[in-house]
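In: A predicted structure for the sequence below; I have some questions about it.
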Amino acid sequence: MKKKYSLWLYYIFISFLFTLESVVYIGDPGDQFEFAKMANKFSFFGFAIFRYKTWSSRLLIESITMFLSAHYLIFKFCLFAGMIIFFYVLNELLINNTKDYRIKFITPILFLISFPSVFFTSAGLIATMTNYLFPMISFVVGCYLLKHSSKWFIVSSVPFLIFSCMQEQFTVFAFLLAIYILFKNFIINKEEMSLNVIPLVVCSILGLVSAVLAPGSKIRVILETKTWYPGFDKLSIYTKVAKGFLETNRVLFLSTELSVIFLILLLFIFVSLTKKLWTVTFISSGFLYILLTNKLGVSSILSALSRLIEIQNSRNNMIYFNWFENLFPLILYTSILVVLAYITFKSFSDFAKGMDALVILAIGYISRMTVSLSPTLYASQLRTFTPLVFSLLILSILLIKEGIDNLSINKNREFLVK
């Protein structure tokens with residue numbers, strides 16, 4: 001009982017700390033000021049319909065953004081309460097059956113490392129958190145409720161999943177996760193249809209349909225093309241995907257914007273040492289060394305990528321794309337991703353756990369890649385990495401659990417030998 005109380009107090013403290021950190025940025029320039037003005041002109045649901053017709057398929061996300069932009073105190077409370085709930089349900093989903101209860105104390109720290117508050121400031125704190133952090137929290141809560149066999153829990157998951165799937169990237173995330181769960185249950189495990197997965201399938205499909213058919217989405221693409229990426233509509237689908245691929249990996253491996261990749265590599269090293277997986281240790285250590293030296297300005301294989309980006313930026317031509325010129329980064333990034341997929345899978349002793357971790361990572365990456373189809377590819381900044389960083393957060397928790405469980409097994413073996 002004392003452990004549960006101490007854990008809840010810990011959740012409250014970290015949530016309070018994160019809220020205080022976030023509030024530092026609340027007055028920075030952002031969309032919330034325009035949304036606050038609109039609060040005087042529209043009703044809650046009226047604004048959702050207006051934005052659906054003229055700008056976005058996000059419906060209630062838009063309305064809640066407007067409401068919270070005009071009520072800072074309520075926003076702070078929602079953020080604080082939401083983070084407490086998020087830490088609890090995420091731990092219950094991922095490490096509820098762990099042998100070491102103390103692992104649950106690590107999850108909030110991993111979140112703070114993966115998602116510093118500045119991550120959610122590119123469109124203003126309130127607008128960015130309402131459009132990205134809150135759907136992520138809602139998605140985790142929905143999945144937690146689906147985990148229970150009670151019909152009431154399953155029904156109560158629907159509002160959370162609907163809200164989450166109003167955000168396009170999390171719609172893709174939910175849809176791909178639902179496909180994987182169905183494949184795993186029916187094809188691999190030969191199980192019968194479960195009610196638990198139905199809300200996830202239905203909500204994600206409805207979210208995809210809504211995003212595609214929303215009249216506001218088409219208007220938004222036209223306006224954002226003129227503003228952020230003139231000529232974007234002239235690019236082929238292959239060029240758009242290639243540009244999105246290059247930009248995604250640039251931020252992951254070349255820029256200083258995301259630190260979570262360093263955390264993942266350190267955890268790969270930790271797990272590999274507990275299992276004596278020397279190949280994984282060598283690869284992870286080598287890659288970590290290359291990334292660190294590149295950040296310090298020391299020449300490495302990544303230096304050529306930085307130089308190529310400088311050459312391309314100097315042209316000041318966003319339409320130009322030469323496949324041969326980009327062959328090196330395309331091959332190198334693909335090779336890096338394949339190697340990371342390999343060491344991710346090898347880090348888990350159980351085949352099913354390794355596949356789960358690998359699929360979650362792939363789903364997050366694909367969800368981030370959907371921004372390739374948007375003219376805001378280079379303007380949206382870090383916020384569109386939320387699904388990918390969320391996947392990396394899940395992977396980091398699973399790696400911590402795997403490493404600590406393996407240490408416990410090794411200790412038990414040593415005890416038996418003695």
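Out: Received it, and whenever you're ready, just let me know what you need.
In: follow the chain on from the helix or strand encompassing Ile264 and name the next helix or strand.
Out: Taking DSSP states H and E as the definition, one finds Ile264 inside helix 260-275. From helix 260-275 onward toward the C-terminus, using DSSP H and E, the following helix or strand is helix 278-295.
In: next SSE after that following helix?
Out: Past helix 278-295, the next helix or strand by DSSP H and E is helix 303-315.
In: okay, angle between that next one and helix 278-295 too, please.
Out: With axes from the mean of the first three to the mean of the last three CA atoms, to 10 degrees as the basis, helix 303-315 and helix 278-295 are set at 40 degrees to each other.
In: any low-confidence regions in the stretch 51-200 of the chain?
Out: Counting by pLDDT under 70, the stretch 51-200 of the chain contains low-confidence ranges at 97-100.
In: for Glu168, what are its contacts?
Out: 57-58, 207, 211, 370 (CB atoms under 8 Å, 6 or more residues apart in numbering). Any C-beta I mention is one placed from the backbone N, CA and C, and that applies to glycine too.
In: ignore the last one, Thr370
Out: Going by CB under 8 Å, 6+ apart, Thr370 touches 168-169, 172.
In: what does Phe270 give?
Out: Phe270 is in contact with 399, 403, counting by CB under 8 Å, 6+ apart.
In: so the helix holding Ile264 versus helix 278-295, what angle?
Out: Interaxial angle, helix 260-275 versus helix 278-295 (the same axes, to 10 degrees): 150 degrees.
In: give the buried residues for helix 260-275.
Out: For helix 260-275, a neighbour-count test (16 or more other CB atoms under 10 Å) marks 260-261, 263-265, 267-275 as buried.
In: spell out which residues make up each domain of the protein.
Out: Domain ranges of the chain: 1-213, 224-418, per automatic domain parsing.
In: I'd like to know which elements the strand or helix carrying Asn406 is packed against.
Out: Following DSSP H and E, one finds Asn406 within helix 386-417. Packing partners of helix 386-417 (3 or more CB pairs under 8 Å, 6 or more residues apart in numbering; DSSP states H and E): helix 72-94, helix 106-114, helix 134-146, helix 168-182, helix 260-275, helix 351-369.
In: which helices and strands does the longest one pack with?
Out: Using 3+ CB pairs under 8 Å, 6+ apart as the contact test, the elements touching helix 72-94 are helix 2-23, helix 60-69, helix 106-114, helix 134-146, helix 386-417.
In: report the buried residues of it.
Out: 72, 75-76, 78-80, 82-91, 93-94.
In: re the thing from before, what mean pLDDT does the helix holding Asn406 have?
Out: In this model, helix 386-417 carries a mean pLDDT of 82.
In: in it, which residues are buried?
Out: 386-407.
In: if we can go back for a sec, mind checking how far the helix holding Ile264 is from the chain centre?
Out: Offset of helix 260-275 from its chain centre (CA atoms, centre = their mean, to the nearest Å): 19 Å.
In: relative orientation of that helix and helix 106-114 in degrees?
Out: Inter-element angle recorded for helix 260-275 and helix 106-114: 140 degrees (by the same axes, to 10 degrees).
In: pLDDT on helix 260-275, on average?
Out: Average pLDDT, helix 260-275: 95.
In: now that helix against helix 386-417, angle please.
Out: Angle of helix 260-275 versus helix 386-417, following the same axes, to 10 degrees, is 20 degrees.
In: can you dump the C-alpha coordinates of helix 260-275 into CSV?
Out: Listed next in CSV are the C-alpha coordinates belonging to helix 260-275 (Å, rounded to 0.1, in the frame of the first residue of the first chain):
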residue,chain,number,x,y,z
VAL,A,260,15.9,10.9,-27.3
ILE,A,261,18.0,9.0,-29.9
PHE,A,262,21.0,9.2,-27.4
LEU,A,263,18.8,7.8,-24.7
ILE,A,264,17.8,4.9,-26.9
LEU,A,265,21.4,4.1,-27.8
LEU,A,266,22.5,4.2,-24.2
LEU,A,267,19.7,1.8,-23.3
PHE,A,268,20.7,-0.5,-26.2
ILE,A,269,24.2,-0.6,-24.6
PHE,A,270,22.7,-1.3,-21.1
VAL,A,271,20.5,-4.2,-22.3
SER,A,272,23.3,-5.7,-24.5
LEU,A,273,25.7,-5.7,-21.6
THR,A,274,23.3,-7.4,-19.3
LYS,A,275,22.8,-10.1,-21.9
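In: now the angle from that helix to helix 351-369?
Out: 170 degrees.
In: any idea how many residues pack against Leu146?
Out: Here the number of neighbours of Leu146 (other CB atoms under 10 Å) works out to 24.
In: ok, Val209 next?
Out: So Val209, with other CB under 10 Å, has 12 neighbours.
In: distance check, it against Gln167.
Out: Taking CB to CB, to the nearest Å as the measure, Val209 falls 15 Å from Gln167.
In: what's the answer for Lys401, then?
Out: Computed as CB to CB, the Lys401 to Gln167 distance reads 28 Å.
In: follow-up on the earlier one: out of the helices and strands packed on helix 72-94, nearest to Phe35?
Out: With respect to Phe35, and counting by CB to CB, the nearest of the helices and strands packed on helix 72-94 is helix 60-69 at 3.8 Å.
In: which strands or helices does that closest one pack on?
Out: Short answer (3+ CB pairs under 8 Å, 6+ apart): helix 60-69 packs on helix 32-38, helix 44-54, helix 72-94, helix 125-128, helix 134-146.
In: can you add distance to Met355 and give the ones you listed back as TSV?
Out: TSV is the format used below for those (distance: least, CB to CB, whole Å):
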stretch	distance to Met355
helix 32-38	41
helix 44-54	38
helix 72-94	15
helix 125-128	33
helix 134-146	18
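In: deepest in the core, which of the domains of the chain is it.
Out: domain 1-213 (a mean of 18; mean count of other CB atoms under 10 Å).
In: for that one, what is the distance to the chain centroid?
Out: Distance, stretch centre to chain centre, for domain 1-213: 11 Å (CA atoms, centre = their mean).
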